[in-house]
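Enquirer: sequence and computational prediction follow.
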Amino acid sequence: MRLLLTLLCVTLALPVLGVLGAWAALDEAALALLRHQAQTVMADYTLQSALLVLGVGLGVTLVGTGAAVVVALFDFPGRRAFEWALLLPLAMPAYVLAYAWTDALQYSGPVQVGLRALTGAQGALWPDVRSLWGAVLLFVLCLYPYVYLLARAALGERAAPMMEAARLLGAGLRRRIFEVALPLARPAITAGVALALMETLADYGVGSYFGLSTFSTGIYKAWLVMYDRVAAAQLASLLLAAVALLLFVERRAQRRLRFAAARPGGAGSAETRPLRLR
């Protein structure tokens, strides 16, 4: 059984090993190409990818965590519907939403045309959506469910009993949320953000359609435009290194965290139901 599992793991790792093996073909020609990339496109790839990751990471953290806090810790009309409806963006690929997003919000799209007809305004009502900020907003709206799903589970399992204990000790609602609930959900939030960022870095369709120079678009250009598979594999290995760094940071953030929570339905569970909003 152990041998079978080892063979399975090696088989699954073959694509990664193949990408990393591109550095074994590093000769004078490959080294010259790497220098050319470093002098021409590498800085742009790194900057655009870093800005995209920074914006998406901040956005999915705020939107996903905020939605999880509202749904997990409070009771309000329609809460049960929002519990599953907030997951629906995961059903739509990001590149499909990119086409719909552009067609709806561009200068000649129905939204701007209708607003100009309604208000009498002239010219574009907002900057071109096919830009870095448009890609960031699109990725946030597509990928925040990763953070929402994990944070909601963590808040429902761990935060409710602790928040009730903090309430009995006299802590206000704001303090219970920011000093008790959110720190307990930090590992789940970090894991969700890492998943969203890995999907952002690996996405090609949105970056290509929006004209962004990210690592994923650079890999496709090196392979299909420059016809250099080795250079494409070397760029892909840098992307793998960035993903590995995200995983390392996420593991380090959770290494020393320990939690103790009551079992669902155990003693005190009746007093830890979501707070009803009025």
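Expert: Arrived safely, thanks for sending. Residues are numbered from 1 along each chain as shown.
Enquirer: mind listing what the spatially most central residue of the chain touches?
Expert: Centroid-nearest residue in the chain: A196, 1.9 Å away (criterion: C-alpha atoms, centre = their mean). For A196, the contacting residues are V56, G57, V60, G64, F139, L143, Y144, Y146, V147, by C-beta atoms under 8 Å, 6 or more residues apart in numbering. (C-beta placed from N, C-alpha, C; glycine too.)
Enquirer: again, but for T200
Expert: For T200, the contacting residues are L52, V53, V56, F139, L143, by C-beta under 8 Å, 6+ apart.
Enquirer: pLDDT score for the second one?
Expert: What the model reports as pLDDT for V53 is 92.
Enquirer: quick check: closest non-adjacent residue to it.
Expert: Spatially, and ignoring its direct neighbours in sequence, V53 is nearest to L197 (5.4 Å; C-beta to C-beta, 6 or more residues apart in numbering).
Enquirer: next, the contact list for the one you found, please.
Expert: By C-beta under 8 Å, 6+ apart, the contact list for L197 reads V53, V56, G57, L246.
Enquirer: 6 Å instead, please
Expert: Shown in contact with L197 (C-beta atoms under 6 Å, 6 or more residues apart in numbering): V53, G57, L246.
Enquirer: touching the helix or strand in which F82 is found from outside, list them.
Expert: For F82, the element it lies in under DSSP states H and E is helix 79-85. Defining contact as C-beta under 6 Å, 6+ apart, one finds that helix 79-85 is touched by V71.
Enquirer: could you point out the helix or strand that follows it?
Expert: Assignment by DSSP H and E places the next element after helix 79-85 at helix 94-105.
Enquirer: who does that following helix touch, helix- and strand-wise?
Expert: Contacts defined by 3 or more C-beta pairs under 6 Å, 6 or more residues apart in numbering; DSSP states H and E place helix 94-105 against helix 132-154, helix 205-209.
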